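Below is the sequence, then the predicted model.
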Amino acid sequence: MSIGIVMLVHNSLERAAQVARHWTASGCPVVLHVDKSVTRKDFRALRDRLRPDPLVRFSKRHRCEWGTWGIVAASQAASETMLASFPDVSHVFLASGSCLPLRPVAELVDYLAARPQTDFIESATTSDVPWIVGGLGEERFTLRFPFSWKRQRRLFDKWVDVQRRFKLERRIPPGLVPHMGSQWWCLSRETLSRILKSPERALHDRYFRRVWIPDESYYQTLARLYSRNIESRSLTLSKFDYQGKPHVFYDDHLQLLRRSDCFVARKIWPGAERLYRAFLTDDAGAMKKAEPNPAKIDRIFAKAVDRRTRGRPGLYMQSRMPRNGRENGITAHPYSVFQGFSELFVDFESWLANASGARVHGHLFAPKRVEFAGGESIIDGALTDNAATRDHAPERFLTNLIWNTRGERQCFQFSPRDNQEVNWIMARDPNAQISVVTGAWAVPLFRSKKNFSTLRSEAARLQRVESEQLSILRSNHANAQIRIWSMAEFVESPMEPLQTVLDEIAQKKSRWIGEAPRLVDLGGFGQFLQKLKNEGMHPYLMGDFPVEQEPQEMPPVKQRPYLVR
Amino acid sequence: MRVRRRRRILRSMRKSLELTMFQDNTSAIRPDDILLVSTMRNESVRLPYFLEYYRNLGVGHFLFIDNDSTDGTLELLGGQTDISVWTTSGSYLKSSFGVDWVNRLCRKYAHGHWTLVVDPDELFVYPFCDTRPIPALTDWLDSSSIRSFSAMLIDVYPKGPLDAQPYVAGQDPLEIACWFDSGNYTIRPNPTYGNLWIQGGPRSRMFFAEKPWEAPALNKIPLVKWDRKFTYVSSTHMLLPRGLNHVYDEWGGEKASGALLHTKFLDTFGGKAREEMERGQHYADSAEYRAYARGSKESPDLWCPSSEKYINWRQLEILGLMSKGNWA
């Protein structure tokens, strides 16, 4: 009793020969099917190399184009040769030339000997298969596919459309329930001969000849008809990526493959010398198994697909440049933007740094230079404080900064004096927490001793800039955490909004503000605004400030009655 | 665009008259060889390591264009059977910075080959390059129906003045120049050719801080499955037809990409800068070299406290400068 290997080979013939000899060395006969597109010279060379081996046969050659009948015809021919030439074969294992046995052959023989009636073939109904790529599921069985997908893609697609349009459907032969699954199977002698010697075979073959990718459905469907005991899984480890092409294994996967519990892996890169050397030794000890951990392989490949389809949020680089709206995360990490706070409070930045534990920058988009935390001239990722460099690409400056410091919360000040080109990206970004006290830009003007007409025109400009910004923040494309208070409203009870914002930054830690920040002296601010009005410039963004105003006192710190947690 | 492409090809044919065959081993090129094409001038000190590096990565044949070297480059390359050499005394500037010559050689010898076009001071790094040779990468690209592979230029530099540590032939330049900028690159799409335009890094930071838009382009597409209809347009920054420039994903995912470690900043830099300024044969009237000369009387120090020390490709991957894409 032994198992027979049917091997479909189309390139890297030396590797195929190497693996074939490995099988026969353990007493397993091998029938090779060599693709007709392999040149006669190469084929002869392979045949001459393997001919001395009594356990090797070659079957009639077919042309195997992906997705077509040729592959099934090839495996049929080779299986027939196998069953006829080696009567003591109890199971037939379908493999390709780039398959590599991961466990000693004897283990596989024992395993199958213990399960003489079992057929290992992945076989599921079309509606239950999640991994169909390309959108053709049920239709693989009901449409006709006379054109090559690889060479005549346009005709292929057109013809599918035409058939859909005119509802040209084929009838599935009675008794067949379409099933699909991995094309690599291991069938018992009994099942395989019943499939191949079936009186209906001519009918089945004629039907499957025009089915799309029949190698994934021919045996899978017929096994359901003829098998007594199907175990619906493949003994071959084979992973597919999101485009439906198999993942390839390389030298660096050696440890990973050692920990897989599969018997055979596919597909191996022909140049993976280390893998072939490690797994094709006669010494069973050299193939010593590590603790099986097949999930790890799944994880690695799932991650690769995720990297390709979703990428890393907040990263903009040479091979990831998402269009507007397709970023899947505009920035890499949450950050906070404060507008008007540093104008209203004395030493707001150092207070905020203490209260929040985050890294607090000054005005990152200030016109003269980038005000990094601590007055640094260069920070993570070698971003410099040069304003010209920043203004060359302000949005990238922001995304770079957040990417470079991911893991650490960044806070920075913003004002209508700063470069406004980042307004849209911040407003759209769910990672941004934007807190604005409108009209606070007037405080530095009020406190400066400049001549009034300069102040007036500056106030007009800043008000215009801020109201444009506000319309962006209030647009329905804005996804950031946005809070806007008018200055009058804010000054009345500044601690409450501050606490809310801080709680959000500190998340669960829920720091309690020990010491309140000190408001700047606003005595006479109302008169200043009135004076602007008198000059014909109406400042409205700060809300209603009485002309006569008591000097502001910071209210004493209270417990947080509003906090419901 | 087709007209532009044809014009490029015609131009390269015309400029090929300037090339003289010096050593012809092209008959040794096998059908699935990876080719490497490079233009050089007085690089004999770098070549030993360069050849070793790329032979180890699985390059099958080197096609070199020597632009009037006087330092024994030709003698060094002579007699090596996997190298073919052409010489020219033509103007680097007038041959579109060597692109015309490269296009010519690619058209004639590289049709159907995966072809790597790099300068002698560029070391190609790609995902898994420590365990998988370039043919593993190109096989995978073939099976994914990808025709071009991008590798952004990353300037590496030493800590301290450039001339502090002399480079000797055969040495790994990364032993000296092992620092780089990890996160100050700006990227914008170029609608004309469909490529991305990347700027930044230490050169932009040091020499172009006030005029960042003049900083050198860092986007490169050095590895292409060549077809005789293809042509490079400006250095290896972009190609025609335009589809080849589409090496980036626009729907949030990441395509696989690599990096070219640019080891220009060694002690040899000062001499090169002086020479190139006199020749005036480089991009934008050697503005780049002039900026270097301005930025530094003698020997600049590009290092800063935020510089990152180069370890391996995985580090570049984690930093987001290159990506594995779905290659695992």
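Structure received.

CA-only coordinates of the longest helix seen in chain A in CSV, if you can.
With secondary structure taken from DSSP state H, chain A has its longest helix at helix A:452-473. Extracted in CSV, the C-alpha atoms of helix A:452-473 (Å, rounded to 0.1, in the frame of the first residue of the first chain):
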residue,chain,number,x,y,z
PHE,A,452,-5.1,102.3,15.7
SER,A,453,-5.6,102.4,11.9
THR,A,454,-3.1,99.5,11.5
LEU,A,455,-5.0,97.6,14.2
ARG,A,456,-8.3,98.3,12.5
SER,A,457,-7.2,96.9,9.1
GLU,A,458,-5.6,93.9,10.8
ALA,A,459,-8.7,93.2,12.8
ALA,A,460,-10.8,93.3,9.6
ARG,A,461,-8.4,90.9,8.0
LEU,A,462,-8.4,88.4,10.9
GLN,A,463,-12.1,88.5,11.2
ARG,A,464,-12.5,87.7,7.5
VAL,A,465,-10.0,84.8,7.8
GLU,A,466,-11.7,83.4,10.8
SER,A,467,-15.2,83.5,9.4
GLU,A,468,-14.0,81.7,6.3
GLN,A,469,-12.4,79.1,8.6
LEU,A,470,-15.6,78.8,10.6
SER,A,471,-17.6,78.1,7.5
ILE,A,472,-15.2,75.2,6.8
LEU,A,473,-15.5,73.9,10.3
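
Now do the same for residue 90: its pLDDT.
Assuming you mean chain A. Per-residue pLDDT puts residue A:90 at 92.

hmm, I had chain B in mind actually
At residue B:90, pLDDT is 80.

Hmm, it is touching residue B:16, no?
No. Applying C-beta atoms under 8 Å, one finds residue B:90 not in contact with residue B:16, separated by 10.0 Å. In short, each C-beta sits where N, CA and C put it, glycine included.

Need the residues touching each of the two.
Residues touching both residue B:90 and residue B:16 (C-beta atoms under 8 Å, 6 or more residues apart in numbering or on different chains): residue B:101.

if we can go back for a sec, and the next helix or strand past the longest helix of chain A?
Helices and strands here follow DSSP states H and E; after helix A:452-473, the next one along the chain is strand A:481-486.

quick check: mean pLDDT across that next one?
92.

likewise stretch B:97-108?
Mean predicted confidence for stretch B:97-108 is 88.

and what of stretch A:3-15?
Throughout stretch A:3-15, pLDDT has a mean value of 91.

and it with chain B, contact?
No. Stretch A:3-15 is not in contact with chain B by C-beta under 8 Å from any C-beta of the partner chain; minimum separation 10.2 Å.

got the buried residues for that stretch?
Using 16 or more other C-beta atoms under 10 Å in any protein chain shown as the test for burial, stretch A:3-15 gives A:3-10, A:13, A:15.

What's the end-to-end length of it?
The straight-line separation of the ends of stretch A:3-15 (C-alpha to C-alpha, to the nearest Å) is 21 Å.

what kind of secondary structure is the closest residue to residue B:28 other than its chain neighbours in?
Spatial nearest neighbour of residue B:28, chain neighbours left out: residue B:81 (6.1 Å); criterion: C-beta to C-beta, 6 or more residues apart in numbering or on different chains. With DSSP: H, G, I helix; E, B strand; the rest coil as the basis, residue B:81 sits in coil.

and whichever strand or helix holds residue A:4, what other elements does it pack with?
If you go by DSSP H and E, residue A:4 is part of strand A:2-9. Applying 3 or more C-beta pairs under 8 Å, 6 or more residues apart in numbering or on different chains; DSSP states H and E, we find strand A:2-9 packed against helix A:13-25, strand A:30-34, helix A:70-85, strand A:89-96, helix A:105-113.

Just send these back as a markdown table, with distance to residue A:407 too.
Output for the helices and strands packed on strand A:2-9, formatted as a markdown table (distance: least, C-beta to C-beta, whole Å):
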| stretch | distance to residue A:407 |
| --- | --- |
| helix A:13-25 | 45 |
| strand A:30-34 | 54 |
| helix A:70-85 | 50 |
| strand A:89-96 | 45 |
| helix A:105-113 | 46 |
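
winner for burial among these?
Scoring those by mean neighbour count under mean count of other C-beta atoms under 10 Å in any protein chain shown gives strand A:30-34 as the most buried, with a mean of 27.

Could you name the helices and strands sitting against the longest helix of chain A?
In terms of contacts (3+ C-beta pairs under 8 Å, 6+ apart), helix A:452-473 is packed against helix A:423-428, strand A:432-438, helix A:442-447, strand A:481-486, helix A:525-534.
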